[in-house]
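Asker: sequence-free structure coming up:
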């Protein structure tokens with residue numbers, strides 16, 4: 001019985017480690033996607049600000 005319990009404990013530990021790695025990978029991928037979306041949003045805002053500044057410069061001329 002002790003051998004069986006030890007084997008089940010090892011299997012449970014291995015399963016837990018595998019699931020933890022999968023969850024950490026998924027979270028890191030989601031974070032990469034979030035950062036990519038955030039960067040594209042910032043790029044869009046900066047382009048709009050630059051356009052607005054260019055229009056203001058043309059009006060001043």
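Answerer: Sure thing, it's come through. Small disclaimer: the values here were computed from a predicted structure and weren't measured.

Asker: distance of the residue most central in space within the chain from residue 25?
Answerer: The geometric centre of the chain, computed from its C-alpha atoms, lies nearest to residue 31 (Cα atoms, centre = their mean), at 0.9 Å. Applying Cβ to Cβ, to the nearest Å, the value for residue 31 to residue 25 is 11 Å. C-beta here means a position set from N, CA and C on the backbone, and glycine is covered the same way.

Asker: returning to that earlier point: state the helix or strand in which the residue nearest to the centre of the chain lies.
Answerer: Take DSSP states H and E as the rule and residue 31 turns out to sit in helix 2-60.

Asker: Which secondary structure elements does that helix sit against?
Answerer: Contacts defined by 3 or more Cβ pairs under 8 Å, 6 or more residues apart in numbering; DSSP states H and E place helix 2-60 against no helix or strand at all.

Asker: Spit out the residues that contact residue 31 and residue 25 alike.
Answerer: Between them, residue 31 and residue 25 share no contacting residue under Cβ atoms under 8 Å, 6 or more residues apart in numbering.

Asker: and the helix holding residue 31, average pLDDT?
Answerer: Mean pLDDT, computed over helix 2-60, is 90.

Asker: how close does residue 8 get to residue 22?
Answerer: In this view, residue 8 and residue 22 are 21 Å apart by Cβ to Cβ.

Asker: From the chain's centroid, how far away is stretch 26-42?
Answerer: Taking Cα atoms, centre = their mean, to the nearest Å, one finds the center of stretch 26-42 at 5 Å from the center of the full chain.

Asker: what comes into contact with that stretch?
Answerer: Contacts to stretch 26-42, defined as Cβ under 8 Å, 6+ apart, come from no residue at all.

Asker: Check which residues of that stretch are buried.
Answerer: When neighbours are counted by 16 or more other Cβ atoms under 10 Å, no buried residue of stretch 26-42 is found.

Asker: next one: stretch 7-19
Answerer: Quick answer for stretch 7-19: no buried residues (16+ other Cβ under 10 Å).
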